[in-house]
Every structure is written in structure tokens, then in C-alpha cells.
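Q: task: produce atomic coordinates for the following.
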Amino acid sequence: MANTVLYSLRHLPVVTKSAVLATLSLSLTVLIAQLYQHPTPVSGQDDAPTRDALLTIETVKSYLVLYPGLILTRPWTLVLTGWIETNALLLLSYLVILTLVGTYLEKRWGWLEFAKFIAVVNLTAVASTFLIYVFIFAGSRNIGYLYDVCINGQFGLVSGFTVALKQSIPEHRVTLYHPMLSFRVKYLTLIYATVVGIVLLLTRSYPYLYLLIAGTFASWLYLRFVKDHNGVQGDYSDAFTFATFFPDWVQPPIAWVAGHVFHLFVVLRLLRPLPAYQPLAVGSQDAATAPEIVVDVMDDEDPDAKRRK
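A: Purely as a prediction, here's the structure:
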């Protein structure tokens with residue numbers, strides 16, 4: 001078993017292998033530390049009102065996982081926390097997904113583009129979730145939102161993988177155990193976000209939920225407007241519009257709203273306008289160098305008459 005795992009790791013692409021090893025090593029470090037280290041308050045006053053919120057500050061976990069209230073003293077956690085999972089079952093699922101999907105995307109895009117994608121999605125999802133809790137604290141003045149909440153895990157990155165697969169193989173059909181449980185990959189993001197989102201909402205796992213939502217939007221925005229596609233920046237195809245993430249019957253109103261939001265962002269210069277088709281102008285340099293193509297579509301004279309002439 002161990003030899004099989006080591007063999008598989010050795011043959012993974014370089015970025016995928018690095019991501020798997022980073023996730024495994026950082027997560028195991030935190031999990032092992034939690035078994036032997038108990039939280040201790042940093043305040044000497046047992047009856048201090050913030051005692052419960054400050055219990056975890058001096059643990060090993062707090063130096064690797066992002067707590068919103070500790071970002072100024074431990075800024076490196078903004079980068080590390082996206083690779084850490086403290087739930088053993090979730091950790092195992094992350095490793096499997098990273099291995100399978102990461103290998104496919106890295107071979108398809110190349111190591112550099114794949115590295116940029118996972119870095120952007122992971123960091124954006126974590127930073128967005130951090131800002132959400134800062135705003136919640138500002139509105140509630142509850143210090144627990146700064147020190148009781150830890151932001152970690154790869155829900156954002158996994159959600160980003162579903163978006164990347166939708167772009168790459170949208171019409172590929174996935175079957176789960178039975179032909180009745182089959183769907184096209186272009187609906188994978190919607191299914192994943194809906195099912196997992198409901199579970200996270202019911203279990204009140206709000207940091208995971210925010211990571212999932214932020215990762216979905218971050219990955220789509222990056223692939224749609226930023227990532228290089230065969231020398232062209234962004235993917236402006238109709239098959240990758242925001243509305244296509246939803247069933248056909250709700251796409252028209254979503255497309256209408258998304259179009260107005262996009263137009264607003266263009267006006268605010270946050271996004272570039274969509275590239276429009278521009279025919280070659282008469283007398284332009286491109287028109288002068290374009291090959292001349294003549295198609296005879298009017299000559300309907302009988303072939304026998306041509307031979308007699």
C-alpha cells in the first residue's frame with residue numbers, strides 16, 4: 001500500500017505533487033498538534049470578557065490557520081490556511097480531488113497556468129472570507145468573529161475545479177453508480193454548490209460556505225477575463241457565460257441581470273468590454289493583404305451548351 005502511494009506521488013505532475021504534499025504535511029501538523037496541545041488563555045484574568053475568544057491564540061494551529069483577529073501579527077496564515085484541513089475525512093477527499101483533477105488540469109494547461117489558477121482561487125477565496133468576517137465584526141462588535149472563527153480548508157479550490165472542468169469538458173457526461181444518476185459536467189458546479197452549500201448551511205459551517213461561494217466566483221472571473229487561452233486573454237465564448245451555470249429555463253433572466261452587472265463594471269473600468277467582431281475596412285492594410293476569394297454562384301448555364309461552344 002505504501003509503495004503504491006509513493007509510486008503514485010512520484011509520477012504526479014510537479015504542481016499537483018507540490019499541492020498534495022503541502023496539504024498533507026500542513027494538515028497533519030495541525031491535527032497532531034491538536035492531539036497534544038490544549039488551548040490556553042493569553043490573558044491572566046480568568047474573568048476577562050474576551051477570555052473565551054482568546055483561548056486559541058497560543059496554539060500551534062493559530063500560527064498556521066487564519067484567525068481574522070490575528071492577521072496583522074501572523075499575515076502568513078493568509079497563504080497557508082487554504083492548504084490546511086483539520087477534518088480527517090475532508091482531508092482525504094481533498095487529496096483524492098487534488099490528485100485526479102489537478103493532474104488533468106495541469107496536463108491540459110501546463111504547470112505555470114495551473115499554478116497561477118490554484119494560487120489565485122485559493123488566496124482570493126480566503127481573503128474574501130476574511131473580509132466578510134471583518135465586516136460582520138464591524139456591524140456586530142462581537143469579538144468572537146475575530147478570534148473564535150478559523151478560516152481554513154479547500155472548499156473554495158474544489159469549487160474552482162468544478163468551474164474549470166465545466167470550461168474544459170462541458171458536454172462530458174458523468175454517471176454516479178446508476179444511469180439515472182448522470183449529468184453533464186456543465187452542471188457540476190451548480191450541483192456541487194447546491195448540495196454542499198445546503199449541508200454547510202444546515203451544519204452552520206459558515207467559513208466553509210463563504211469559501212465555497214468565493215471560490216466559485218473567483219475561478220469563473222479568472223477564467224473568463226484573465227487566464228490566457230491560446231494567446232487570447234479570457235474566454236468570451238457563449239458556452240462560458242455566467243448564465244450557463246444554471247438550467248436552461250432560468251438562463252434568460254440571469255443573463256439579463258449578469259449583462260447589466262457586466263456593463264456597470266465596464267463603465268467603472270473594472271472589466272474590459274467584450275471583444276466585438278470588426279470586418280475589414282475597405283482600403284485598410286489588413287484588407288489589402290487579405291487573400292482574394294472569388295466564388296462563381298451566378299453561372300447556371302447548361303454544361304452541354306458550354307461544350308458545344
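Q: hmm, residue 128 is touching residue 221, no?
A: No - using CB atoms under 8 Å as the test, residue 128 is too far from residue 221 to be in contact (11.4 Å). Using the backbone N, CA and C atoms, a C-beta is placed for each residue, glycine as well.
Q: assign residue 112 to helix, strand or coil.
A: Under DSSP: H, G, I helix; E, B strand; the rest coil, residue 112 falls in the helix class.
Q: what helix or strand is the residue most central in space within the chain located in?
A: By CA atoms, centre = their mean, the chain has its centre lying nearest to residue 160, at 2.3 Å. Following DSSP states H and E, one finds residue 160 within helix 155-168.
Q: partner strands of the following helix or strand past that helix and their direction?
A: The first helix or strand that comes after helix 155-168 along the chain, using DSSP H and E, is strand 173-176. With DSSP bridges as the test, strand 173-176 is paired with strand 178-184 (antiparallel).
Q: quick one: the strand it pairs with to helix 155-168, angle?
A: Angle, strand 178-184 to helix 155-168, by axes from the mean of the first three to the mean of the last three CA atoms, to 10 degrees: 90 degrees.
Q: now do strand 178-184: everything it contacts.
A: Outside of strand 178-184, the residues within contact range by CB atoms under 8 Å, 6 or more residues apart in numbering are 170, 171, 172, 173, 174, 175, 176, 191.
Q: give me the neighbour count for the first one.
A: Other residues within reach of residue 170, judged by other CB atoms under 10 Å, total 16.
Q: can you check the fourth one too?
A: Neighbourhood size, residue 173 [other CB under 10 Å]: 10.
Q: what of the third one?
A: Counted by other CB under 10 Å, the residues lying close to residue 172 total 12.
Q: could you check how far it is from residue 180?
A: Residue 172 is 18 Å from residue 180, where distance means CB to CB, to the nearest Å.
Q: before we move on, the earlier item: list the contacts for the residue nearest to the centre of the chain?
A: Residues in contact with residue 160 (CB under 8 Å, 6+ apart) are 117, 118, 121, 125, 215, 216, 218, 219.
Q: how many neighbours does residue 126 have?
A: For residue 126, the tally of surrounding residues (other CB under 10 Å) stands at 27.
Q: what's the helix or strand for it?
A: With DSSP H and E as criterion, residue 126 is part of helix 111-140.
Q: buried ones in that helix, by neighbour count?
A: By 16 or more other CB atoms under 10 Å, the buried positions in helix 111-140 come out as 114-118, 120-122, 124-130, 132-133, 137.
Q: look up how far residue 130 lies from residue 200.
A: From residue 200 across to residue 130, the span is 18 Å (CB to CB).
Q: and the residue nearest to residue 132 when sequence neighbours are not counted, how many neighbours?
A: Closest residue to residue 132 apart from its sequence neighbours, by CB to CB, 6 or more residues apart in numbering: residue 210 at 5.3 Å. Residue 210 is flanked by 22 other residues according to other CB under 10 Å.
Q: one more: residue 165?
A: Using other CB under 10 Å, residue 165 is surrounded by 19 other residues.
Q: coming back round to it: residues in contact with the residue nearest to residue 132?
A: Applying CB under 8 Å, 6+ apart, one finds that residue 210 lies in contact with 128, 129, 132.
Q: swap the cut-off to 10 Å and go again
A: Contact analysis of residue 210 by CB atoms under 10 Å, 6 or more residues apart in numbering lists 125, 126, 128, 129, 130, 131, 132, 133, 151, 155, 156, 200.
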